[in-house]
Structure formats: structure tokens, C-alpha cells
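**Q** Got a predicted structure here, sequence first:
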Amino acid sequence: PETVTGSAQLTAKSGTEAILPGKNARVLGYRNGILGPTLRVQSGSEVTFRFSNNLSEDSNIHWHGLLVPAEMDGHPAQVVRAGESFPYTFRINQAASTAWYHPHPHEKTARQAYLGLAGMIIVETPTERALNLPSGSYELPLIIQDKRLDGTGSPQYTPTMQDVMMGFMGETITVNGVGGAFHPVATRMYRMRVVNGSNGRIYNLALSNEAPFWVIGTDGGLLPTPEAVTALLLSPGERADLLVDFSKLPVGTELYLKSNTFPGASAQGKQAFNILKFRVDKAETDSFQMPASLATITTLSTAAVAKSRSFSIGMNMGNMNMGNMKGMHTINGKVYSMDRIDETVKLGDTEIWDFDNKGDEPHPMHLHSTFFQVLSRVGGRNTLFANEKGWKDTVLVMPGERVRVICRFDKPGLFVAHCHNLEHEDDGMMLNFRVS
Ligand code: C2O
Ligand code: CU
Ligand code: CU
């Protein structure tokens, strides 16, 4: 997608895109074709994203990973009606990071995001620029999504009860809206900003030569130090800022970013598949130096915790047995209601939120309005991962896991927390919290 620096016009509308070569898919997007522009914003600056809704139904925009005032956050109750516009205006004031934007209308998020409404946001700061991380053509914004395509190559969104249970998954893996994606590279270190923009699919990111790569950032910004890994699990909504080294590969080498199999999630993770193909096309000299440290992260102290809340995330068997198509996924037994306030938080308080997954499906849990730190994971995988050593807004809670996060609530107003499996979210796995 194209890159826009600063303010922009974003219009939700239908268009066409060659997701598969030679086929003109019917899609949704914010400009022409699928997805929206990559928005580059400077921390400290004020931006206006004027949103026009050219769909025939409600929509809005949520700025996932931007700390914005409640009235700009795209809460499901703040929709922009068909044919109307809304100027999202706010000042960016946060660390350098990779965020994204997508619709959030009640019970319509999954379908609209699936059909193509999403885009990346890059927050820049002078401190980060001083690190001299790979930039320009050595920095790749990658939105990964899976699509179920019909005979015309168009994505279809027709979830069955089974899809609502597991998340709507497709067999065509797309990168920035293109299936079978390919990118030529030089003998250099590359920065890849990865957004998992899929509705339900988790990727276990790896390189086809099993070489290590570095995780340098997560949802809320850079990690304290680069973390070398050979695989990284990324669930829907999460971002990974990665460094991948092509500098020692001979020209002509072909390599894939792929997804490895992984255990723990019932139906997912049994298959490995390619995501993005690279070919080393050009020899260049690379003077890149891996920074020893990236960012300073102040650990939130549990001594400051004013309140702990537990959330049991899973199934409402009653609703399922009744054959209801809604309300199978719940938080503390409740299906989301737009006008019920589930939690009331005191402005400025530090709290622990404890997500307990007793079911058999993975749930990437996401909080609006704040970033959190992951304190512990008990049960299941029983550990914290490389990308959980920094500020997060979405954390994967696998079946049998209990994950505790700590955060401070500094933005007043009404926000949501929810599972970022978008079928689960639309099914009701979401709550309202008010900070005041
Ligand atoms: Cu990315 Cu409430 O969502
Ligand atoms: Cu969000
Ligand atoms: Cu879920």
C-alpha cells in the first residue's frame, strides 16, 4: 500500500483488487482496492483522519495501538452512518511503534475487516530515528491476512457456526492484500513491521532456512533489547517489529517467511505454510549495526496495584445448546451489551487484569485505551515470550492458560476490551469499561 505522512482522507468503499493474479476480486478498502494507506505519524503532532463512509451500512475507525481520547477511539456505539463523514482528530503522544486501524461497528467488525478494511500506522520519534534501524526500501510494512476466495477470486464472508467457534479462516494467505506475495531483497538487514490482521488465524512466524531473526518491537513499541528467536507466535491484532538478515546470503537465494506448526490450539497450528517469498537479487554493502539497547521500559510495580479483576473467557454452553448463532463466546459468562458498563476503573489507577481460559480455543485478549505489561502465564505454555517483554495491547491466552497483565488507566471515558478473534468479538466476547 501507499504511504501517507500526517493527516489523510480515508473513505470506506468497495473496489477491486487482484488478490490472485489475473482475477479482479470485489473487496472493501479505504482508498482504491483492498486495505488502506500506511499512515506515518510523528509523536507530538496533531493529525486529522477524515473518515467518509461510502458503504451502505454503519462503520467507524478504531486506532488499534494509538492512545487517543475516548470520543476518537471508534467505540462500537460511535458509528458513522452510511453516507456520512467524521473527522478523527487527535494528538499523537507515545513511543515509536507499529499500530493499525480497522472498523469497530457492533457485530460488523469481522466482516468489514475481512473484506479489506484495515491499514497500518507507524508512529515515529526522534529517539527511535537515532537508532538508525533499516528504513526506506529496507523497511517493509506487512499486513498478513488469510482469505477464503470464491471462483472469481473474491473474498467471501459467510461464517458457519463452526467458523464462529474457531474464527473464520481462509486457505489463501495474503500479504498487503496479495496472495502468493513476493519481494526482491538486497544483501542487507531488513526491518519488517508485521501486523496480524487476520480474523482468527494465528501465525508461528519463521524463516524457511530456520535462521534466527530478531524481535525488536511489539504492540506498544520497541523492546529493551533485540531478542533473537527462530519462531514467533503472532495472534490476531498483535504486531511484531522484526529484523531479518539477508546480508550473508548469496545472490539468487530464495527464502520464505512462513508459518510453522505449533501446539496448544485445538484445530489451528497443524499445518505449516509459506507467507511471503524473498529472493536475494542484489549485492550491497550493509553497514547496519545491531543496537545493544533499543528502549527504556519502566516496569509497572505490583505494589502500586489498586485493584485486580479476573475474567473467565470461554463458552456459554447454554447459548450454544440452544443453537443460538450469537452469544457462544462470553467474558465472565456475559455476552457483550453496548449499553451495559461491565467494569468501572478509577482514572490513574494501576490494575491487574487476569484472563483465565478454561475453554479449548485460543483467545487473543485486547484492551483499548492503554498498553499493558504481561506479568505471568500459568498453565498451557507456562512462560512469557520474546514479544511480551515490552508494552502490549493484545495478549494470546491459549486453552488452559491464565495470563495476568498490569496496566495504568490514564485516559478517561468509555472503552472496550475484547477477544481479537473477530468472530469471537462479534459473537459477544467483549466488555465495556469506564475510566473516570
Ligand atoms: Cu483491533 Cu477493539 O480492536
Ligand atoms: Cu484496539
Ligand atoms: Cu476468542
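**A** It's in. Keep in mind that this is a model prediction, so the values were computed, not measured. Ligands and ions are numbered 1, 2, ... in the order given.

**Q** looking at this protein, which helix or strand does the model trust least?
**A** helix 317-321 (a mean of 65; mean pLDDT, DSSP states H and E).

**Q** domain parsing for this protein?
**A** The chain breaks down by automatic domain parsing into domains covering 3-129, 136-282, 302-435.

**Q** Quick check: phi and psi on whichever residue of the stretch 151-300 of the chain sits closest to ligand 1?
**A** Evaluated by CB to the nearest ligand atom, the stretch 151-300 of the chain has Gly237 as its residue closest to ligand 1, separated by 4.9 Å. In this view, the C-beta of every residue, glycine as well, is placed from N, C-alpha and C. Here is the backbone geometry of Gly237 (degrees, to the nearest 10): phi 100, psi -30.

**Q** which residues of the stretch 301-436 of the chain fall in helices?
**A** Listed in chain order, the helices of the stretch 301-436 of the chain (DSSP state H, counting those that start in this stretch) span 317-321, 422-427.

**Q** Which elements pack onto the last one?
**A** Judged by 3 or more CB pairs under 8 Å, 6 or more residues apart in numbering; DSSP states H and E, helix 422-427 is in contact with helix 109-114, helix 161-166, strand 413-419.

**Q** So what touches the second one?
**A** Helix 161-166 is touched from outside by Met169, Gly200, Ser266, Ala267, Gln268, Met325, Met328, His329, Glu361, Glu423, His424, Asp427, with contacts defined as CB atoms under 8 Å, 6 or more residues apart in numbering.

**Q** how near is Ala110 to Thr11?
**A** 21 Å (CB to CB, to the nearest Å).

**Q** Next: Pro134.
**A** Pro134 is 32 Å from Thr11, by CB to CB.

**Q** just Pro412 next, same as before
**A** 31 Å.

**Q** Compute the number of surrounding residues for the residue lying closest to Gln156 once chain neighbours are set aside.
**A** Spatial nearest neighbour of Gln156, excluding adjacent residues (CB to CB, 6 or more residues apart in numbering): Asp150 at 5.0 Å. For Asp150, the count of nearby residues is 12 (other CB atoms under 10 Å).

**Q** Up against ligand 1, what does this structure have?
**A** Residues of the chain lying close to ligand 1 (CB under 6 Å from any ligand atom) are His62, His64, His102, His104, Gly237, His366, His368, Val416, His418, His420.

**Q** Just among these, which is most surrounded?
**A** Neighbour counts for these peak at His418, which has 29 neighbours (criterion: other CB under 10 Å).

**Q** Please report how far that residue lies from ligand 3.
**A** As for His418, its distance to ligand 3 is 8 Å (criterion: CB to the ion, to the nearest Å).

**Q** List the contacts of the closest residue in space to that residue that isn't next to it in sequence.
**A** Nearest residue to His418 in three dimensions, chain neighbours excluded: Met430, at 3.5 Å (CB to CB, 6+ apart). Met430 makes contacts with Pro76, Ile331, Tyr336, Val416, Ala417, His418, Cys419, as judged by CB under 8 Å, 6+ apart.

**Q** What of Glu139?
**A** Applying CB under 8 Å, 6+ apart, the residues near Glu139 are Leu133, Tyr190, Arg191, Met192, Arg193.

**Q** ok, now Leu55?
**A** Ala12, Lys13, Ser14, Leu28, Ala82, Gln112.

**Q** which of these has the most neighbours?
**A** Of the contacts of Leu55, with other CB under 10 Å as the count, Leu28 tops at 26 neighbours.

**Q** and that residue, helix, strand or coil?
**A** What DSSP: H, G, I helix; E, B strand; the rest coil gives for Leu28 is strand.

**Q** Over to Glu71?
**A** Going by three-state DSSP: Glu71 is helix.

**Q** just checking, it touches Pro87?
**A** No - between Glu71 and Pro87 there is no contact under CB atoms under 8 Å: 11.6 Å.

**Q** Now the residue of the stretch 251-400 of the chain found nearest ligand 2: closest residue in space, sequence neighbours ignored.
**A** Taking CB to the ion, ligand 2 has its nearest neighbour within the stretch 251-400 of the chain at His368, 4.8 Å off. Once flanking residues are discounted, His368 sits nearest to Phe415: 4.1 Å by CB to CB, 6+ apart.

**Q** cool, and Gly380?
**A** The shortest distance from Gly380 to any non-neighbouring residue, by CB to CB, 6+ apart, is to Glu401 (3.6 Å).

**Q** now swap in Arg148 and tell me
**A** In space, Arg148 is closest to Gly170, 3.6 Å off (CB to CB, 6+ apart).

**Q** hang on, that neighbour is in a helix, isn't it?
**A** No - counting by three-state DSSP, one finds Gly170 to be coil, located in no helix.

**Q** what number of residues lie near it?
**A** 20.

**Q** repeat for the one 4 residues further on
**A** Around Thr174 there are 27 other residues, counting by other CB under 10 Å.

**Q** so it bridges to which residues?
**A** Judged by DSSP bridges, the bridge partners of Thr174 are Gln145, Gly179.

**Q** my guess is it meets Ile144, correct?
**A** Yes - using CB under 8 Å, Thr174 is in contact with Ile144, at 7.3 Å.

**Q** Show me which residues of the stretch 1-150 of the chain are close to ligand 2?
**A** By CB under 5 Å from the ion, the part of the stretch 1-150 of the chain that sits against ligand 2 consists of His64.

**Q** which stretches of the stretch 1-150 of the chain form strands?
**A** With strands called from DSSP state E, counting those that start in this stretch, the stretch 1-150 of the chain shows them at 3-5, 8-17, 25-29, 38-42, 46-53, 62-64, 85-91, 97-102, 119-124, 139-147.

**Q** right, so of those, which gets closest to Lys346?
**A** strand 85-91 (23.2 Å; CB to CB).

**Q** interface residues of the protein facing ligand 3?
**A** His363, Cys419, Asn421, His424.

**Q** How much space separates the last one from ligand 1?
**A** For His424, the distance to ligand 1 (CB to the nearest ligand atom, to the nearest Å) stands at 12 Å.

**Q** Quick check, that residue in contact with Gly167.
**A** Yes - His424 lies in contact with Gly167 (CB under 8 Å); the separation is 7.0 Å.

**Q** Find residues that contact each of the two.
**A** Contact criterion CB under 8 Å, 6+ apart; residues shared by His424 and Gly167: Gly200.

**Q** gap between Ser198 and ligand 3?
**A** 13 Å.

**Q** what's the spacing between that residue and Ser308?
**A** 31 Å.

**Q** neighbour count winner among these two?
**A** More crowded of Ser198 and Ser308, by other CB under 10 Å: Ser198, with 29 against 12.
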